[in-house]
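> how would this look folded up:
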Amino acid sequence: MNTSTGYPVGQVAGFAGVTVRTLHHYDEIGLLSPSARSHAGHRRYSDADLDRLQQILFYRELGFPLDQVAVLLDDPSVDPREHLRRQHELLTARIGKLTEMADAVQRAMEARTMGINLTPEEKFEVFGEYDPDRHAEETRERWGDTEAYAQSQRRAASYTKEDWLRIKAAQEDWGARLVALRESGAPADGEAAMDLAEEHRRFIVDHYYDCTYEIHTGLAGMYLADPRFNAFYEAIAPGTAQYVHDAIMANARRAGA
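This is a model prediction of the structure:
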């Protein structure tokens, strides 16, 4: 800096990341008037002017209107150290608020990342009257610390409405073939039924999580023991829950599990 002339307005604007027009406005309202002028009448800012500009921009960043900034800076009872103390308090409060906001956003991101990301209308179109989030809290409490749960939630979050419609169609096709097989009189421990059970397990692997035979047989037990799962399979056709259970158990034995 040439201390005899000071900083030109364009250079100060570049330092501070503001426009020349902003500095002109501050000068016009008396908030920041340059300490000197060049022989040609151009504004020249001193180091003290830059210090004041820094204070102005600090308070502006915190949302103070210009008239309040002027009062704060021109209060004769407040020395520079008091300004620093006040700014420290304001920054601490701002950091606390921003931390709360960041936590809220993070929770929202996790909710989006770890669940079905569809609008209510799309959920109704895909799932009908069944709300896939109805038992979300129970599911999280029971299996939330497992890798299978994490995998399932991550995959579910990535699926679009079209993906869910394809998954739904595939499930309905599998259910129809299962019912047809059962009605044909094929035993649940026969090859055809075990093949459909294995298809069911692979479907879970491909779309939700790594479903081992151990996990699969655990699911089979729930299809009988849990009234909600039982009702789902019985809605396909009476007796389906028991048939699926038996086919899954037979398929696990076939696999040596």
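> Only C-alpha atoms from now on, for both contacts and neighbour counts.
Will do.
> Under the pLDDT cut-off, which ranges of the protein? List them.
1-4, 80, 101-144 (pLDDT under 70).
> let's see 80
1-5, 76-87, 94, 97-149, 153, 156-157, 257 (pLDDT under 80).
> Which parts of it are helices?
Along the chain, counting by DSSP state H, helices occupy 9-16, 20-28, 47-61, 66-74, 80-113, 120-127, 136-143, 147-158, 161-183, 191-207, 213-225, 227-236, 240-254.
> Let me know which of the ones you listed is tucked in deepest.
helix 240-254 (a mean of 22; mean count of other C-alpha atoms under 10 Å).
> Restrict it to CA atoms and write it as CSV.
Taking Å, rounded to 0.1, in the frame of the first residue of the first chain, the C-alpha atoms of helix 240-254 are listed here in CSV:
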residue,chain,number,x,y,z
THR,A,240,-50.0,-70.1,1.1
ALA,A,241,-48.2,-69.1,4.3
GLN,A,242,-47.7,-72.7,5.4
TYR,A,243,-46.8,-73.8,1.8
VAL,A,244,-44.1,-71.1,1.5
HIS,A,245,-42.8,-71.9,5.0
ASP,A,246,-42.4,-75.6,4.1
ALA,A,247,-40.9,-74.9,0.7
ILE,A,248,-38.3,-72.5,2.3
MET,A,249,-37.4,-75.0,5.0
ALA,A,250,-37.0,-77.8,2.4
ASN,A,251,-34.9,-75.6,0.1
ALA,A,252,-32.5,-74.8,3.0
ARG,A,253,-32.1,-78.5,3.8
ARG,A,254,-31.5,-79.1,0.1
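> what angle do it and helix 161-183 make?
90 degrees (axes from the mean of the first three to the mean of the last three C-alpha atoms, to 10 degrees).
> I'd like to know which elements helix 240-254 is packed against.
Helix 240-254 is packed against helix 191-207, helix 213-225, helix 227-236, with contacts defined by 3 or more C-alpha pairs under 8 Å, 6 or more residues apart in numbering; DSSP states H and E.
> looking at the helices of the chain, which is closest to residue 37?
If you check each of the helices of the chain against residue 37 by C-alpha to C-alpha, helix 9-16 wins as the nearest, at 10.4 Å.
> What lies in contact with the closest one?
Identification of contacts with helix 9-16 by C-alpha atoms under 8 Å, 6 or more residues apart in numbering yields 19, 20, 23, 43, 44, 45, 50, 54.
> Check stretch 247-257 too.
188-190, 193-198, 213-214, 216-217, 220.
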